[in-house]
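> fold the following.
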Amino acid sequence: MNRVLINPEQYSQHWKKESEFLEFHGIYQLLSKMTPSGNVLEFGCGIGKGIRYLSIGHNVLSLDSNPYLVDEANRYLDSVGASRKIHKCDFFELTADDKRVIREFKPKVIVGWFIGSHGVDIFKHTQEEPNDITKSKLYREKIEDIVVSPDVCLASVEYVHLVNRGGRVVGFTEAELFNDTKEDYDTYVFESIGFEVFEVKNIDWPREGSEFQYAQAHNPNLAKGEVVPTIISIIAKRVK
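Predicted coordinates:
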């Protein structure tokens, strides 16, 4: 599917298939168990799969701008009897009411799993990037910047849990993968707000059946070699 042409409704159906694929392989179940305890502010409700498993042990407030995904999530969560609160808002233009909702929720943990959006949204917010593939990465980075912004990452927040899809080059040790990811995220995302990465998990999983494109998330010094499809879980905690 040409991502340039994907509108919000098309993306919701595209993501529904991918989300069901992730659930089938137990990814949401695993990630929710990794997430620290406390009120969870979720960036992107998807079709509600993340909310379902997070809500087993957490109080969840989910934010999303795509009305079709919000509708899909509410239908799905009704069908499984899961509690939730989903607030529709534009991440790039948070209103006073949006900020009030976040503030009153008093999040302890912010999660951003598989951050992405439909083509119209991505192209709107990454006009400075000419490469269509790189636009998705830039969009994710901009959302991560919003996640750690003062209006979202309030004093009550103690942890941030980010999860990306990508690949790792075979041959690197877990220590090397941890150090590379930690250095990258501490430098470009967390240090300026007094957080530090303390856990990185690289989860191998079968990519066959997925229609999504994957960036090479781990490739230190442009290393060559076999790349294994990987889900990267990154948890940072407040240290200052």
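> looking at the protein, which helix or strand does the model trust least?
strand 159-169 (a mean of 90; mean pLDDT, DSSP states H and E).
> ok but E199 is inside a helix, no?
No - counting by DSSP: H, G, I helix; E, B strand; the rest coil, E199 is not found in a helix; it is strand.
> was I right to think it contacts I232?
No - look at E199 against I232 with Cβ atoms under 8 Å: they stay out of range, at 11.1 Å. From N, CA and C alone the C-beta is placed, and that goes for glycine too.
> sorry, back to before: now do the least confident helix or strand of the chain: distance to the chain's middle.
Taking the mean of its C-alpha atoms, strand 159-169 sits 8 Å from the chain's own mean (Cα atoms, centre = their mean, to the nearest Å).
> what residues of the helix or strand that it is followed by count as buried?
Going down the chain from strand 159-169, the next helix or strand is helix 174-185, by DSSP states H and E. Buried residues in helix 174-185, counting neighbours by 16 or more other Cβ atoms under 10 Å, are found at 177-178, 180-182, 185.
> same question, stretch 157-165
Neighbour-count burial for stretch 157-165 flags 157-165 (criterion: 16+ other Cβ under 10 Å).
> show me where this structure dips below the pLDDT cut-off.
Across the chain, the ranges flagged by pLDDT under 70 are 1-5, 207-224.
> go again using 50 as the cut-off
1-2, 214-222 (pLDDT under 50).
> quick one: the helices in the chain?
Under the criterion DSSP state H, the chain contains helices at 8-24, 27-34, 49-54, 67-80, 96-105, 119-125, 132-147, 174-185.
> list the contacts of the last one.
The one in question is helix 174-185. Outside of helix 174-185, the residues within contact range by Cβ atoms under 8 Å, 6 or more residues apart in numbering are 162, 168, 172, 196-197, 200, 202, 218, 220, 232, 234, 236.
> coming back round to it: so for E199 and I232, which residue has more residues nearby?
Taking other Cβ atoms under 10 Å, E199 and I232 do not tie; I232 has more neighbours (20 against 16).
> list the beta-bridge partners for that one.
N164, N202 (DSSP bridges).
> count of residues packed around N74?
Neighbours of N74 (other Cβ under 10 Å): 16.
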